[in-house]
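Asks: Based on what follows, work out the 3D shape:
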Amino acid sequence: MHETSPSIFLIARPAVDLEAMRGYLEDVGGESWLDRRLAETAGNPNQGELLVEFCGRACYRSWEPGLNPNVSRIRTDPLVYLDNILSSAHGSVLEHANYTFALRNVSRVATHEIVRHRAGAAYSQESLRYVRLVDIGFRVPPALEPLRQQCIELVEKLEEFQVGAAKALRIDEQGIPFHVKKEVTSALRRLAPIGLSTDLIMTMNLRTLRHVVEMRTAPGAEEELRLIFGRIGEIMTQESSGVFQDFQRAEDGSWTAKYRKV
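Replies: Next comes the predicted model:
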């Protein structure tokens, strides 16, 4: 057994084909909007927020005044524009921008809760039908610190069983077919602690991330979930500061938004 601590890695973010976007805008008469955004960012815009704004403006053809007779003026500041998206609860446009995280050494307790968030999310998790438990990672929760040694000893006994059972069942002998190894591995996971460390690849769109970060860092949320999504909140307020501009972090670690249910 080895002790672990969760690590969060942002591994993918939106990528916009600027030339294709320009082709569309030339057809509708809004290419000056893209020229402005590129000039403001020295040709390196925040592509997630650019995509959100693009989708929002497409709804009203609000690239420039005059393209839509009903639009006589537009918000030119991207931060102001995104604030209007949030305050008016036009949250559907946030769903176009997806971010993927690799969650390393999180417990299966945590992943069982995380994967309940289905709308706007996708998951790929390490499978214990295929991955043999030979060195269990485990994090002792703060509430169990007074019993740290007992916790470690118990997990070590469960790990010894995993290794000993595989040996007794001779699944590593020459010629044992893979389907047999898989069946035994699957059965053995039933006798492993639910708190063991695992990995989860998680993709969420901006609308879902806003909701889940606030929900899972609230004071009543599970301790490890608060740790994980507190870190994701830190990442996203830097990564997408416009979409998360209304988020504030309290002294207790919770993230709260000015605009809820966007």
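
Asks: For residue 201, give me phi and psi.
Replies: With angles defined as degrees, to the nearest 10, residue 201 sits at phi -100, psi 130.

Asks: got the contact list for it?
Replies: Residues in contact with residue 201 (CB atoms under 8 Å, 6 or more residues apart in numbering) are 11, 100-103, 123-125. Where C-beta positions appear, they are placed from N, C-alpha and C, glycine not excepted.

Asks: how near is residue 23 to residue 30?
Replies: According to CB to CB, to the nearest Å, residue 23 and residue 30 sit 11 Å apart.

Asks: which residues in the stretch 1-150 of the chain form helices?
Replies: 18-28, 31-40, 47-60, 78-87, 108-114, 148-168 (DSSP state H, counting those that start in this stretch).

Asks: going on from the longest one, what's the next piece of helix or strand?
Replies: So the one you mean is helix 148-168. Using DSSP states H and E, the helix or strand that follows helix 148-168 towards the C-terminus is helix 178-188.

Asks: how big is the angle separating that next one from helix 148-168?
Replies: Interaxial angle, helix 178-188 versus helix 148-168 (axes from the mean of the first three to the mean of the last three CA atoms, to 10 degrees): 150 degrees.

Asks: how many neighbours does residue 177 have?
Replies: Number of residues near residue 177 (other CB atoms under 10 Å) recorded here: 9.

Asks: Look up the pLDDT of it for me, please.
Replies: Each residue has a pLDDT score; the one for residue 177 is 96.

Asks: For it, which residues are in contact?
Replies: Residues near residue 177 by CB under 8 Å, 6+ apart: none.

Asks: heads up, I number from 374, so please use that
Replies: All right, first residue 374 from here; so that's residue 550.

Asks: Tell me which of residue 396 and residue 403 has more neighbours.
Replies: Each of residue 396 and residue 403 has its neighbours counted (other CB under 10 Å); residue 403 has more, 21 against 11.

Asks: Next one: that one, what pLDDT does it get?
Replies: 93.

Asks: So it is in contact with residue 436, correct?
Replies: Yes. Counting by CB atoms under 8 Å, residue 436 is a contact partner of residue 403 at 2.6 Å.

Asks: between these two, what contacts are shared?
Replies: residue 430.

Asks: before we move on, the earlier item: quick one: which of the helices of the stretch 374-523 of the chain is nearest residue 581?
Replies: Checking the helices of the stretch 374-523 of the chain against residue 581 by CB to CB gives helix 481-487 as the closest, at 11.4 Å.

Asks: Please identify the buried residues of the closest one?
Replies: Neighbour counts using 16 or more other CB atoms under 10 Å place 481-484, 486-487 of helix 481-487 among the buried residues.
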